[in-house]
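Trainee: Need coordinates for the below:
(chains A, B and C)
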Amino acid sequence: MTLPATDRIPYGGDYNPEQWDEAVWDEDYRAFDLAHIDMLTVGVFTWSLTQPDEDTYDFTVLDGILDRAEREGRKVCLATGTAAVPPWLAHRHPDVCRTDFEGRRHLFGVRHNACASSPAYRRLATEMARRIAERYGDHPSVIAWHINNEYGGVCYCDLCAEEFRAWLQERYGSLDRLNEAWNTTFWSHRFTDWAQIVPPNMLSEHWRGPNHTAFQGITLDYSRFNTDNILRTFREEKDAIRESSDLPVTTNMMAIYRHLDYHRWAEHLDFASWDNYPTDGSPVSRMALSHALMRGLKGGQPFWLMEQTPTMTATRDYNPVKRPGIMRLWSWQAIAHGSDSVLFFQMRHSKGASEKYHGAILNHAGRTDTRAFAEIAELGAELERVGAVLLGARTPARVAVLFDWDSWWALEITDGHSRAVGYEKQVVAYHEALWQAGAVLDVVPVTADLTDYDVVVAPFLHMLKGDIATRLEDVARRGGTVVTTVMSGRVDEDDNAFLMDVPGPLGALTGVRVDETDSLPPETVNTVVLTRDGSDEVRSAARHVFDVVQPQGAEAVGVYTEDFYAGTPAVTRHGFGEGSAWYVATCLDQDGVDWVIRQALAEHGLVGPFAGVRDLEHTTRAIDGRRYEFLLNHAAETVTVAAPWEGTDILSGRDVSEGEQVEIAPAGVLVIATR
Amino acid sequence: MTLPATDRIPYGGDYNPEQWDEAVWDEDYRAFDLAHIDMLTVGVFTWSLTQPDEDTYDFTVLDGILDRAEREGRKVCLATGTAAVPPWLAHRHPDVCRTDFEGRRHLFGVRHNACASSPAYRRLATEMARRIAERYGDHPSVIAWHINNEYGGVCYCDLCAEEFRAWLQERYGSLDRLNEAWNTTFWSHRFTDWAQIVPPNMLSEHWRGPNHTAFQGITLDYSRFNTDNILRTFREEKDAIRESSDLPVTTNMMAIYRHLDYHRWAEHLDFASWDNYPTDGSPVSRMALSHALMRGLKGGQPFWLMEQTPTMTATRDYNPVKRPGIMRLWSWQAIAHGSDSVLFFQMRHSKGASEKYHGAILNHAGRTDTRAFAEIAELGAELERVGAVLLGARTPARVAVLFDWDSWWALEITDGHSRAVGYEKQVVAYHEALWQAGAVLDVVPVTADLTDYDVVVAPFLHMLKGDIATRLEDVARRGGTVVTTVMSGRVDEDDNAFLMDVPGPLGALTGVRVDETDSLPPETVNTVVLTRDGSDEVRSAARHVFDVVQPQGAEAVGVYTEDFYAGTPAVTRHGFGEGSAWYVATCLDQDGVDWVIRQALAEHGLVGPFAGVRDLEHTTRAIDGRRYEFLLNHAAETVTVAAPWEGTDILSGRDVSEGEQVEIAPAGVLVIATR
Amino acid sequence: MTLPATDRIPYGGDYNPEQWDEAVWDEDYRAFDLAHIDMLTVGVFTWSLTQPDEDTYDFTVLDGILDRAEREGRKVCLATGTAAVPPWLAHRHPDVCRTDFEGRRHLFGVRHNACASSPAYRRLATEMARRIAERYGDHPSVIAWHINNEYGGVCYCDLCAEEFRAWLQERYGSLDRLNEAWNTTFWSHRFTDWAQIVPPNMLSEHWRGPNHTAFQGITLDYSRFNTDNILRTFREEKDAIRESSDLPVTTNMMAIYRHLDYHRWAEHLDFASWDNYPTDGSPVSRMALSHALMRGLKGGQPFWLMEQTPTMTATRDYNPVKRPGIMRLWSWQAIAHGSDSVLFFQMRHSKGASEKYHGAILNHAGRTDTRAFAEIAELGAELERVGAVLLGARTPARVAVLFDWDSWWALEITDGHSRAVGYEKQVVAYHEALWQAGAVLDVVPVTADLTDYDVVVAPFLHMLKGDIATRLEDVARRGGTVVTTVMSGRVDEDDNAFLMDVPGPLGALTGVRVDETDSLPPETVNTVVLTRDGSDEVRSAARHVFDVVQPQGAEAVGVYTEDFYAGTPAVTRHGFGEGSAWYVATCLDQDGVDWVIRQALAEHGLVGPFAGVRDLEHTTRAIDGRRYEFLLNHAAETVTVAAPWEGTDILSGRDVSEGEQVEIAPAGVLVIATR
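Mentor: All right, here's what the predicted structure looks like:
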């Protein structure tokens, strides 16, 4: 099973005409025509309409929406609509409501509010999915299923406690094994009956908040359980759909989202999709990282950009409008990294409730003569012109970044060393360095096949699972380069420390031994001097954590300049087999990370052709022997670069010859089909 | 029904002799004599004394206090004492205790702690009011009733849920109408039974806090309901009093207090009163705004300043003492803006509990030879000398500021645009500009008669209710000037967006169309250049929200200098009928607001004679054809101004001739009765 | 009953071999041999092992640990192990779990988690102590009992409510007396039945947090009750131990720990012990203050340093490693101030859970060739060489600092004046001044005998209990010097204000009268100029609170330079009897406090010989007519000082002659046995 069948990059997005009179629908379609919109996501929050009480189903409105879509020649991604329970369900079955981290049972309200352990929720959501698929599985407009919406959150109710215990029995088999995994002899915690185990929250193992737990083992397992438990509801809906439809199934994810380990979900998705709402202030490269992470779920198969805002968000403290050209730029960025769709939330501003100021294709006045609509219509026309050529194209990456939810969780719930070290921030920094260097890369789980990569970057890989240490050694042994860092190789899958020198099973590969790791407040800097083979020195401000490294074969390429470990190695390189391994023993600033990454890439000639041009993004997709080189200018100034290829920009139709000086305006995009 | 009958400005305040032996009372009255205190507020927190259990009433102590007051020739504002329930009541009827925003049922403690839906509370509080009025209604000292104390807060208990549902049924009649008002089709929220509705708090519709709700409609209605529900207890007590007394009834309010829409209370008060405890760091003008808001409750009728601290507060993080002269200055400021009383909390420092360090007339040593007491005694003498001449005097305002709780609530619970835009801060800024310009003004609800005003300022009037848009048009049509701003005209009474161009029904009046509103973090500034008719340019730092304005007849008098909308209008003026309307499309800094306001006032010659003298406050009261010009110097330096009137300073007795240079020391006050 | 019998300073600490296979124990003892470790604390968290269910006790593991210790010739401090309940106990008797300040009943988790009112906990913990003492009371290795661990926290459950009411009845006898003490007439709080009283927390008397209460009286009493209630469980365990053993009993305390008034515990301890985990950024002198406070519990008897980390902590946001030499320096500092032991937590890094990164003698690799282990082994050898000479030595102090938990609590829960004034910070500042001046001092309760002190410092003694005012007068009367400060002498033991001039009963002694206390935000400074008898002026930045002082016999030695009280006294000195009393009317910065303290010490020639050398700590212990002068260099630089004594450094064995220039490196320690 793969992506929905389309003959162009689908364009459109969430459409909620059920909120409006049908007269408004006429206006909608006039606008869709103007904007070349061919794809509508329907039914995401219709449960309270389609099932007004437990015994009544009423698809009148949905029938009308789908029939109109068909008449208008639009395709539909049809939702099961189970992401927000109707009032009657919460009222009649209070156990569908979640119990929060503070131990408080909630009442009806908000959305994404159902307990995944609730029998009532599971039964009724599954039944809804079954009926939707049965009714619309053969509808000519429907081309994909959209289960639920932005799954997330955590519940700590008694039903979840029961499910958690069952999950633990399945995982550990015996209490002895569980007691060993959680190291319960510490602090008198040996469990002698499964019933003694309660979910870890502020009423049990936690203090101060979700990252502060007395027992990392139970907290980590609850994150895994939560992922699996919510996934189960997805699987139940999917199975119900499969009773009557073979169309591809997805759910819209949130990429770098901590609560759910999407790698555990990957095999159950027909195709991945996600919603891109970048936080203001996060680097542009973080979106590229997110796209790559989502693409990595299905082994590089293209994904769908299921949502983005045409103009502005509403839930943030400050919600800027997207500047002129940015909506198009980011849409093309998604495509550049493997999206086979460009979809928005949503078609028309809601008139009330919390998203009434969230951007939409049509504002409250329904105008099609606004700046925002004009840009939307232009992009629609452009995508229509581009047609199908990019569909299915793959990313020919030689570089991999390992992304691991278990390490994320384990690192951030750990007591000790520094609470200021966030996994996401560190991964984003290493990825930013790769992005600025123009490396074509994948973001993959630790279980991925690494044999095709020249460079593997494993930042803050706190937990080593399975044979990952051996497989990283293999990368180096056959001539590749591995980059890893402080706080890596610390714990096994149970979050128990390796009873050996730090960095544990990565010691042989990295050629270092660490007896002590210093930690200092964020305002304290230890400058690291980086140099190699007589190259110019780069000075980088290191912070947070500082391994005191004793090389065991590795050479120092960076040294600390301060404190009692001044002069000792802060960054090392170790020849291993035909290749090498880098160990970054502290949190370098971006300049330092950039230096390390470019050194590692340079060993394989993988520094990109535009690495000297800041914020000019370059990546590649390829299909059927054809390569498409994407150039996106995220800088505020026009840049001029020499084209390293000969080809044609499929957006402008202009030919580009090799060595030609190409000018790219701010927010400019080129997609050069090379020859 | 109007104000209590007095023959001078009443002076005194809260008196709690029940906390002391009677020997102390003798000292109290000696001090009252020294300080010319003639008015005592009695019984505010005596419930646990006057009713030691559900079946026993005991007025011994109160009898003694009142009899002594009578013997001493003092007047009394007598409280019903229902603002803090006694322990036995909470213990016997736990439902009198509130359930908080987190959904937690409280136990006995603090004050202002009763659930307004509790049958036990309502029955017993009403009965207490009835008995107090019956017993003391004809007491020669008693001249007014003081119900409860500083009503406030919110309860979310099951009883309130029931009352809320009843209130909603009354308001909406049908669930269809409610579903439409709250736009419940969004996020699957259609209610099919009234019983499905639960109060909006952290366990239901809210996230992060009180201003973050998934459904603005229910949250807004809960604020309205809460106002009405608490008001009901006031009305019940008032009705009980009326069974045996016709004396005027009030309750002490808190002016710019968010939880209660005092405009809904106004008609039920005989006279308004409030407690002035300014937060350190808030501008002096905010007190003037508060006074005007309170005066506006009863159509300009004088109010009572029921409480202020003689020296310092106790509940703040830091509690400075009032500097020399400030207590007198602020007392006269209250009178200047319509207060017919000067009252304090309290007569004597409590010896224990949370207000033991709150300032009082008498400190713990009971001294009358302190700086604070000396100032109090001097003011008492001064007020005694002034006598009755100012009582009942009105404020001859030509300017109105619209103040609207619904807009306050709606603006601040909205998702989207900027969370940094606070209603109060913005209204304070517009009022500060008027205050510095010396405009004599009223602060009125949107339902007020606007026909007598030359300038109407409606800042951040997010919600347009009833015919206010039409009546603002009328102001301009007949030659007046309307000033309104960004975030105005956005939603109807249900908090649903107007399905038209921003600023909705204010579009015709303002002559602008807004397709997009940008929002940026508070640290980001867009400088606006203001100029008109060749006047010097004023540069103002704009922040937070930025309408991109397309004039529809309006002229630009201010333009943005930054971002993609640089050069477009940031402030406009639109000729309308005989008058005009100003639209300020962003949050200008105070200099910018000052400029706009002085332009608007200048159109009607309403810039005051001392507008050039910073922090010299000027306002006017008038009665029986006589005008009293108040001059209060809030600056740290002495100012010298030319008197524009001929008259007599009733405080010093000194005559002032027109054009004479008058010197006013810091904290100086003049009240010139003009001829 | 006094300290455990040892023939050297015991060295070692917490040992948890139950977490490991016995093969690991062999490695442990090899390391103990290398490190000269002779003392092990055992069994602190073994409850879930020693009692796997309510009816089963199993001491197999503990038997093995103790037998091995005996075979290896180690001494043992044996814990009762009751600081963390086992899962089955929480599951079977939910009332052992606490209810927190928010009113939430907790479930099983963390440690230090038992409600001290729980009958099940009390019964089973006591029984465990009984059985442990019975089984091991005669074990040849066991030399002391260690009850529970780091007692702390507060519970607010219904059982505690019951116990609290009983405690109140015992304290007050009648509700009338309680109503008077709590001043309940304020805010209608008169209790008419004991059952109406509920614990003061966020559901009753508190707002914002633990320091914000409507009634200080109940909150203060709950702190006292909580201390006594937890102490009862200690006493019950101790009594059970006494049934079969007379060995000395202790519990490891936390020194400056707010929740427990250790002065109420002192009489029940055979010897004091505590755990030294200084917060990064707190001054070195704070550890000296803590040591002195612990020594003060038992009238100057030496105490045990029960825990410190050999390298780093794990619970802080940032956990630096101890720099080279610091572990030894701080160990000797403990001895210098009266510790007769040097013990660590712990012997070996846990492999999992929240302390897996907490420092230990042996790291996860079990290495003995690390920097940390080398320092530990060197100190072990040094202590072994020093032997028994220091055991039992006393501190010959002429200076006392009063430390009073009631004043701490009362000051910080008070409404009014400034919330920025923390008791601990202020006491630390006054102690820091004494420490830098080299004063040999005691830290004592207000009930201590003061007759032997020349200087008594009573900073922020908010509450005056018993005859302390009289006894402070006695100090001055007989020629001593008393130093006290703003916020002192304010309330009686019920937290009710003294009905007299501030500083209440300290007025006669200090010779001042205060009518008003100003308070300002922390960023506002009023510079105080300090000078005396023509000495050079010192300028000190004063903050937070500012008494406006009217001298009643005192002379001004410091004056304010700002605000309306510029030129009035900020620091005064009052001749009283043969001596004097200083009153510091504001929060001076450290320079100002230093100046005052040195003036006071100088009156008695008590400024130490190294007072000019910053961060060179000096103190003295004496026994059997022999004095040991401790010199510890906490500065980053080497210092050279002239020895004022003749003697021998017992660490290096080097003789020192009087007047000789002695060089002390950073982290250097000298212990000069003088002749």
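
Trainee: Buried residues, the helix or strand where residue A:383 lies. List them.
Mentor: Assigned by DSSP states H and E, residue A:383 falls within helix A:371-386. Buried residues in helix A:371-386, defined by neighbour count with 16 or more other C-beta atoms under 10 Å in any protein chain shown: A:372, A:373, A:375, A:376, A:377, A:379, A:380, A:382, A:383, A:386. Any C-beta I mention is one placed from the backbone N, CA and C, and that applies to glycine too.

Trainee: per-residue pLDDT, the fifth one?
Mentor: Among the per-residue scores, residue A:377 holds a pLDDT of 98.

Trainee: separation between the residue of chain A found nearest chain C and chain B?
Mentor: With distances taken as C-beta to the nearest C-beta, chain A approaches chain C most closely at residue A:416, which sits 2.5 Å away. Taking C-beta to the nearest C-beta, to the nearest Å as the measure, residue A:416 and chain B are separated by 30 Å.

Trainee: That residue touches residue C:360, doesn't it?
Mentor: No - proximity of residue A:416 to residue C:360 does not meet the contact threshold set by C-beta atoms under 8 Å, at 11.6 Å.

Trainee: Looking at those two, which has the bigger crowd around it?
Mentor: Legend: neighbour count by other C-beta atoms under 10 Å in any protein chain shown for residue A:416 and residue C:360, higher for residue C:360 (26 against 21).

Trainee: the domain parsing of chain A - what is it?
Mentor: With domains defined by automatic domain parsing, chain A comprises A:11-156+A:222-386, A:399-602, A:616-674.

Trainee: Tell me, how many residues neighbour the residue nearest to residue A:392 when sequence neighbours are not counted?
Mentor: Computed as C-beta to C-beta, 6 or more residues apart in numbering or on different chains, the closest residue to residue A:392 that is not its neighbour in sequence is residue A:623, at 5.6 Å. A count of neighbours around residue A:623, defined by other C-beta under 10 Å, yields 14.

Trainee: check contacts around residue A:623.
Mentor: For residue A:623, the contact set (C-beta atoms under 8 Å, 6 or more residues apart in numbering or on different chains) comprises A:390, A:391, A:392, A:393, A:394.

Trainee: Quick check on those residues: which are buried?
Mentor: Buried residues within the contacts of residue A:623, counting neighbours by 16+ other C-beta under 10 Å: A:390, A:391, A:393.

Trainee: Next one: residue A:1, what pLDDT does it get?
Mentor: Reported pLDDT for residue A:1: 58.

Trainee: Residue A:11 against residue A:41, yeah?
Mentor: No - the pair residue A:11 and residue A:41 fails to qualify as a contact (C-beta under 8 Å) at a distance of 11.7 Å.

Trainee: the more surrounded of these two?
Mentor: The residue with more neighbours, out of residue A:11 and residue A:41 and counting by other C-beta under 10 Å, is residue A:41; that gives 28 against 24.

Trainee: roughly how far apart are that one and chain B?
Mentor: In this view, residue A:41 and chain B are 15 Å apart by C-beta to the nearest C-beta.

Trainee: Ramachandran angles for that residue?
Mentor: Main-chain dihedrals, residue A:41, degrees, to the nearest 10: phi -100, psi 120.

Trainee: can you check residue A:296 too?
Mentor: As for residue A:296, its main-chain torsions (degrees, to the nearest 10) stand at phi -70, psi -20.

Trainee: so how many other residues sit close to it?
Mentor: 28.

Trainee: confidence score at it?
Mentor: Residue A:296 is assigned a pLDDT of 98 by the prediction.

Trainee: wait, it sits on residue A:447?
Mentor: No - at 11.0 Å, residue A:296 and residue A:447 do not qualify as touching, with contact defined as C-beta under 8 Å.

Trainee: List the buried residues for stretch A:551-561?
Mentor: Within stretch A:551-561, the residues that count as buried by 16+ other C-beta under 10 Å are A:551, A:554, A:556, A:557, A:558, A:559, A:560.

Trainee: Reduced to three states, what does the fifth one come out as?
Mentor: Same thing as residue A:558. When the structure is split into helix, strand and coil by DSSP: H, G, I helix; E, B strand; the rest coil, residue A:558 lands in strand.

Trainee: Pairing partners for the nearest residue to it once chain neighbours are set aside in the sheet, please.
Mentor: The shortest distance from residue A:558 to any residue other than its chain neighbours is 3.2 Å, reached at residue A:571 (C-beta to C-beta, 6+ apart). For residue A:571, the beta-bridge assignment (DSSP bridges) gives partners residue A:558, residue A:584.
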